[in-house]
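> what's the 3D shape of this:
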Amino acid sequence: MVRSKDVRITIALECTSCTWKEAGGKSAGISRYTTRKNRRNTPTRLELQKYCLYCRKHTSHKEAKKK
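Model prediction:
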């Protein structure tokens, strides 16, 4: 059983440049990665440089909002 206040949580990272393209016109897709972060050490939203398959370059990936 999982406690509701676990220290380490699973988050999704989305490509920031793909999300901007999607709003303006056609989009091939949005690059998403999953990772885990420590809630105590990183209380703010996480941002990492990752490779985007749709942009075909390394871009900034930010923590996605929970839905």
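> Name the secondary structure element that contains the most centrally placed residue in the chain.
The residue lying closest to the centre of the chain (Cα atoms, centre = their mean) is L13, at 1.0 Å. Element membership for L13, per DSSP states H and E: strand 8-15.
> now N41
Remark: N41 resides in no helix or strand, with elements defined by DSSP H and E.
> What is the burial count for it?
N41: 8 surrounding residues under other Cβ atoms under 10 Å. Where you see a C-beta, it was placed from the backbone N, CA and C, and this is true even at glycine.
> ok, now which ones touch it?
Not one residue lies near N41 by Cβ atoms under 8 Å, 6 or more residues apart in numbering.
> which non-adjacent residue is nearest the residue nearest to the centre of the chain?
Nearest non-adjacent residue to L13, counting by Cβ to Cβ, 6 or more residues apart in numbering: H61, 4.0 Å away.
> The one you found reaches Y33, doesn't it?
Yes - if you go by Cβ atoms under 8 Å, H61 and Y33 touch, sitting 6.2 Å apart.
> and those two? which has more neighbours close in?
Counted by other Cβ under 10 Å, H61 and Y33 do not tie: H61 has more neighbours, with 24 against 15.
> I'd like to know how far that one sits from T34.
For H61, the distance to T34 (Cβ to Cβ, to the nearest Å) stands at 11 Å.
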